[in-house]
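In: need the 3D shape of this:
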Amino acid sequence: MRQRIITGLLAALLFLTMLAAGSKWYALMIIALAVLGYQEFVRLNGMRAREPASLVGFAGILYLVVPWGVLFGWPVPPQQTVVWLLMFLFFALTVVSQNRTSIDKIALLFIGVVYIGVGFHYMIFTRWMTDGLFWTLLLFGCIWLTDVGAYFAGRLLGKRLLWPSISPKKTVEGAVGGVLISIATAVVFSLLRPELLTLLEAVAIGIVVSVLGQLGDLIQSAYKRVRNIKDSGTILPGHGGILDRTDSWIIVFPFVHLLGLLPQ
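Out: A predicted model of the protein is given here:
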């Protein structure tokens, strides 16, 4: 537990420092996390990072996550075009390799690119918005305090298991506690900047972020259970890997934009 707390505090300090330092520093950190996360995804599916199919996947991650136009002023094709090209390249590898690179393998790698690449893309996109620091802190605050609320509510009140076949310790009471803390967090942000966020909008964001964040955590737990592993990696002592810590983020950030909960 001591190691977990120390790692968590140091990681949080570094993360918040980079977030406050500016959009470019934050973007560099998120890009690094995305690459490390995809490397974990490749490894937990029993593949090597240097094989051709994996390299195509890494290229897809970099395209989706790096804000090429903002950072370098480079024109880039639309995301849907590149996603299709990635699919084509993955399929072409099955032909060139005479099926040594299987359909099953490229399907997993392609899903990983979309899952991780789009998720981390929206983390950077949110920070680059007008008042992006506010919106980014709002979403992360709701995500992180959902975890805190769910943990303590589960410890104090938890009786009914939420989904024991996937995550045997999570409870319904803990999940509800996480939602309530997330709503309270969003309301505080609304009170601080009422010109940006009304109370009604805050409540909606608090509910959506908490529910989706907990679902994102269950998605990763289910996947790890299929692969029969405890953690996606070991880079964060006491916490596991990058995907273990960002599973909620990957789902929350794209979804709040798809739902139109943040300014467009």
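In: for residue 167, give me phi and psi.
Out: With angles defined as degrees, to the nearest 10, residue 167 sits at phi -140, psi 100.
In: typo on my end, residue 159
Out: According to degrees, to the nearest 10, residue 159 has phi -130, psi -40.
In: hmm, who's touching the helix or strand harbouring residue 70?
Out: Using DSSP states H and E, residue 70 sits in helix 68-72. With contacts defined as C-beta atoms under 8 Å, 6 or more residues apart in numbering, helix 68-72 is touched by 23-24, 27, 74-76, 128. Where you see a C-beta, it was placed from the backbone N, CA and C, and this is true even at glycine.
In: what residues of stretch 160-178 count as buried?
Out: Residues of stretch 160-178 classed as buried: 162, 166-167, 170-178 (neighbour count, 16 or more other C-beta atoms under 10 Å).
In: what's the pLDDT at the residue lying closest to residue 33 once chain neighbours are set aside?
Out: In space, and not counting its chain neighbours, residue 33 is closest to residue 242: 5.5 Å by C-beta to C-beta, 6 or more residues apart in numbering. Looking at residue 242, its pLDDT is 93.
In: for the one 10 residues further on, same thing?
Out: pLDDT, the model's per-residue confidence, is 98 for residue 252.
In: residues in contact with it?
Out: Neighbours of residue 252 in contact, by C-beta under 8 Å, 6+ apart: 139, 143, 209, 212-213, 216.
In: and what of residue 23?
Out: Counting by C-beta under 8 Å, 6+ apart, residue 23 has contacts 70, 124, 127-128, 132.
In: buried subset of those residues?
Out: Burial by neighbour count, judged by 16+ other C-beta under 10 Å, picks out 124, 127, 132 from the contacts of residue 23.
In: out of the residues you listed, which comes closest to residue 220?
Out: Lowest distance from residue 220 to these (C-beta to C-beta) belongs to residue 124, with 20.8 Å.
In: for that closest one, give its distance to residue 76.
Out: From residue 124 across to residue 76, the span is 14 Å (C-beta to C-beta, to the nearest Å).
In: ok, now residue 144?
Out: 32 Å.
In: try residue 84
Out: Going from residue 84 to residue 76 by C-beta to C-beta gives 14 Å.
In: what kind of secondary structure is residue 170 in?
Out: strand (DSSP: H, G, I helix; E, B strand; the rest coil).
In: so where's the protein uncertain?
Out: Under the criterion pLDDT under 70, the flagged ranges of the chain are 1-4, 238.
In: distance check, residue 152 against residue 24.
Out: For residue 152 relative to residue 24 (C-beta to C-beta), the value is 36 Å.
In: okay, buried residues for the host helix or strand of residue 144 please.
Out: Element membership of residue 144, judged by DSSP H and E, is helix 132-157. Burial within helix 132-157, assessed by neighbour count using 16+ other C-beta under 10 Å, is assigned to 132, 134-147, 149-151, 153-154.
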